[in-house]
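Colleague: Next come a sequence and a model predicted from it.
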Amino acid sequence: MIQFRQCTVALGDRYRLGPLNWVIEPGQCWVVIGANGSGKSALAATLLGEGLIIDGEADLSASRVAAVSLEEQSRLIQREIERDDSDITDTVNHGTPVAEMLAETSQNPAQLDELIDIFGVRHLLDRGFRKLSTGETRKVLFIRAVTAGSDLLLLDEPFEGLDVDTVPKVEALLARLAQQTTLVLVLNRADEIPDYTTHVVRMDTGAMVQNFSCENVAALREIVRQAAGLRSTDLALPPPEETADTRLNDDGSLISLKAGRVAYTDNVVFQNLDWEIRPGEHWQVKGPNGSGKTCLLNLITGDHPQCYVNDLTLFGIRRGQGESIWDIKRHLGFVSTGLHWDYRLSVSARRVIISGFYDSIGLYQRATEKEEEIAQNWLDLLGLTNKGNAAFSSLSYGEQRVLLIARAMVKHPPVLLLDEPCLGLDEANRILVLSLIERICEEGATTLIYVSHHLEDSISAIRNELDLGAREAA
Amino acid sequence: MANYFNSLSLRQQLAQLGRCDFMDPAEFADEANYLKGKKLVIIGCGSQGLNQGLNLRDSGLDVSYALRQSAIDEKRDSWKNATENGFTVGTYEALIPTADVVLNLTPDKQHTAVVNEVMPLMKQDSCLSYSHGFNIVEEGMQIREDITVVMVAPKCPGSEVREEYKRGFGVPTLIAVHEDNDPRGEGLAIAKAYAAGTGGHRAGVLLSSFVAEVKSDLMGEQTILCGMLQTGSLLCFDKMVEKGVDAAYAAKLVQYGWETITEALKHGGITNMMDRLSNPAKIRAFELAEELKDIMRALYEKHQDDIMTGNFSAGMMEDWADDDRKLLGWRDETSKTAFETTDISDQDISEQEYFDNGILMVAMVKAGVELAYEVMTSAGIKEESAYYESLHETPLIANTIARKKLFEMNRTISDTAEYGCYLFNHACFPLLQDFMTQVDTDVIGRGLGLNDLGVDNQRLIEVNTSIRSHSVEAIGQVLRGYMGAMKRIV
């Protein structure tokens, strides 16, 4: 059905994938594993017909492939951006509504209807696709892929960004689909490897190093977990350039939100939310997709415009009284999928880390020697010692993500906001990042606000929880 | 109301035309502080209005939006944009009297009406700002003596103004103070603080004048941005079809070709755009451009002369009074051209193919940009102004054509630009007929098709030197350096 024979593929300027020897037969379920940067997503892209074959042969003609992946998400968002003519029409464009996005690929209206309910996106049908949260976007992509009537379903990190309630539904859906169609799953986490896996491909530095049929799924999961243990967990965080002088609010809190509300003309995300963050009190924010976790974090960072109409006081500054946003960002370190998406530059990896000192995307000042040194220490810590000069956009998603986490931590900020930081990370990087987070909490100078859907990604230092889902029920 | 420019002495005209200086970053040490605590009210909430407002607020300034009662009652897009972003929205009557600075970011054609409505409501000693000088210079709008009048014009679309700010940077911005309305001498301080509030000071601020901005802006949009691209589109498409090139392919080559070609222009000037061609193609393009410049020079000069004397605006304002009869007639004609009505092909055209098969289009861009620049500078406009209004803006319009073809491009750009574009096209299209009879598909549609890409060394050197030594390239390198190199120095 799909065949690669001694195939080498060129993707982008210099990236070479191969040699690939791979045969996919109908009805199989392949799992692609490998460390961040090993070429898993590159392999997935090749299945979609991307890249140029420079050696060997590939036969993809017999199949229609539908994909759920960051690349697919990126492509659709890019298409939305291109269609957005707000600059010339001088209106603000809300983009293609979800209903239209779904209708575009759907072959079977009954199936579409069922999936809309499984994923719980009926209330989003009129909303612009671009306006969706991370998890909501994922769900729409999923529905599109499943209803497209394809021969092969390619899922790159299918569970990423989905809330706790949706994951079991998706697992059940995939188990059903495995009976009807061919699946290729690209996975970072051992726990996500499904029982119905029939075959495995392991990638390493752009080459397919293993290709075997899977007899024992439990053993496979162990192998993936073991790979993670190879990284040393004896960590010392590179210290910041200078210690921050952060004022507290009059009541001793770092951040105080009273009767917090985020609303648009067509819906209220949350309201009457009181929240106070005191120094050293670490928080986890939970809730279903679309409940407003990211909105809430963006209110704090100032990235959400409604921060100006809320009773929000941070570091002694009441928002909307003539302060500049940079006065706020100075005290924050932040990582989110939104930020990752915005960081679409070809700045070097080193500069990405240094930009954390300036709260900028890209670097517009000359870095000091001390900052350069600190950046190199972080690169060493992340196992990216020799990639300091590599263009950010040329690195894999996971490598980019760890760099952004370093960028968030580099000044040991008084408040560190991490919105699903482990999205896209392999087991080794995930454990590294979780260790870094524990360490920075131990240091005492940083207070953490953390969002994650994965139960196994919990941080022991966290004692406080804000559940936006429970509020909705109340 | 009389044309303001025509009321000036020659000495004053020359002084104002020739003003466009890159400001020292040190002048912005105070950033937006001069406007802290003052009330800024923006009229309307379109793309520039919203995005500038978001930046100004993030810089710590007090921003609200004044909309028409009907827009508020009907909850139109402008109302939604402002309220969803957490801004206070009110009627003119409610907000304007409280404003220290009123930002007029409405479309040019509405300026007289809007300013007349707003001026009586403005408080004593307040400030009115524009992002384009047509109303002041060509229409000769008289502003109350106690009001300071300034201009702050970011040189990029609204969304880019916002995106660059969020990144911690900004876009190049032009500022000006109206000589006749600076009663307390604080115009420059206000304009600088406003520019800094939008982040412009990080990318570079040009201190210019209302006069320079208008006279160069009109020239650029009429002759190269819209004019040449429109005429070129029609001529190239018709020629390809005449010579048997598949119409759908021809339409696609033209529609996306301008954008692809000018992308090279945006990053590295005419030099880079020409370097994208093979050596023989480059020499061909160069020769075609030289010929085109000879043919079109008089027309470009006429446009600049009419702009300078005020004849252009007078003629256009007559048509306004006639309910846009001519404008709408020409717009209708444009919707019916063969290029406009042909569907483009699904076939993929590679980036390089646009260059290789679009040699004539490259030549037209080179000729148009250089001519516009040369004529502007010969009329007293400074190199910096001329650069921004010729080369810099071309990719932006090319991008619009790529998305919308000509009819929509014209409908969505300002009516002033559209009117000027049609004037140019009416004269240029017949002017180039003879030239086009000599043109074949080797330079438009099919490519040179050469096996041997060798050229004469001396000739190539000559051509390269000529391209690189043009004044627009020299100033271009400097100005592009401020925009891009800031991102590259580190």
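Modeller: Nice, thanks for sending it over. Residues are numbered from 1 along each chain as shown, chains lettered A, B, ... in the order given.
Colleague: Counting neighbours, what do you get for the closest residue to chain B within the stretch 251-400 of chain A?
Modeller: Residue nearest to chain B within the stretch 251-400 of chain A (CB to the nearest CB): A:Ser360, separated by 2.8 Å. In short, each C-beta sits where N, CA and C put it, glycine included. Number of residues near A:Ser360 (other CB atoms under 10 Å in any protein chain shown) recorded here: 21.
Colleague: domains of chain A?
Modeller: Annotated domains of chain A cover A:2-227, A:255-473 [automatic domain parsing].
Colleague: tell me the contacts of A:Glu192?
Modeller: Listed by CB atoms under 8 Å, 6 or more residues apart in numbering or on different chains, the contact set of A:Glu192 reads A:158-159, A:185.
Colleague: Repeat the analysis, applying 7 Å as the threshold.
Modeller: Listed by CB atoms under 7 Å, 6 or more residues apart in numbering or on different chains, the contact set of A:Glu192 reads A:Phe159.
Colleague: In the stretch 101-250 of chain A, what residue spans correspond to strands?
Modeller: Here the stretch 101-250 of chain A has its strands, by DSSP state E, counting those that start in this stretch, at A:152-156, A:182-186, A:199-204, A:207-213.
Colleague: Lowest average confidence across the domains of chain A, which one?
Modeller: Ranked by mean pLDDT, those end with domain A:2-227 at the bottom, a mean of 86.
Colleague: what's the burial count for B:Asn451?
Modeller: Around B:Asn451 there are 4 residues (other CB under 10 Å).
Colleague: ditto for the one 10 residues further on
Modeller: When neighbours are counted by other CB under 10 Å, B:Ile461 registers 11.
Colleague: mind checking the SS state of the residue nearest to B:Gly37 when sequence neighbours are not counted?
Modeller: Closest residue to B:Gly37 apart from its sequence neighbours, by CB to CB, 6 or more residues apart in numbering or on different chains: A:Gly322 at 6.3 Å. Recorded secondary structure, A:Gly322: coil (DSSP: H, G, I helix; E, B strand; the rest coil).
Colleague: need the contact list for A:Gly322.
Modeller: A:Gly322 sits next to B:36-37, B:60, B:62 when contact means CB under 7 Å, 6+ apart.
Colleague: For it, give its distance to B:Arg57.
Modeller: Distance of A:Gly322 to B:Arg57, computed by CB to CB, to the nearest Å: 10 Å.
Colleague: same deal with B:Asp180?
Modeller: According to CB to CB, B:Asp180 and B:Arg57 sit 31 Å apart.
Colleague: What of A:Glu25?
Modeller: Distance of A:Glu25 to B:Arg57, computed by CB to CB: 58 Å.
Colleague: Check A:Ala445 too.
Modeller: Distance, A:Ala445 to B:Arg57, using CB to CB: 31 Å.
Colleague: and the closest residue to chain A within chain B, what is it in contact with?
Modeller: Residue nearest to chain A within chain B (CB to the nearest CB): B:Gly168, separated by 2.8 Å. By CB under 7 Å, 6+ apart, B:Gly168 lies in contact with A:358-361, A:364.
Colleague: How about the residues of chain B by chain A?
Modeller: Applying CB under 7 Å from any CB of the partner chain, we find that chain B lies next to chain A at B:36-37, B:46-47, B:50, B:54, B:57-60, B:62, B:77, B:80-81, B:84-86, B:157-159, B:167-169, B:202, B:400, B:403-404, B:412, B:486-487, B:489-490.
Colleague: I appreciate the help and will end here.
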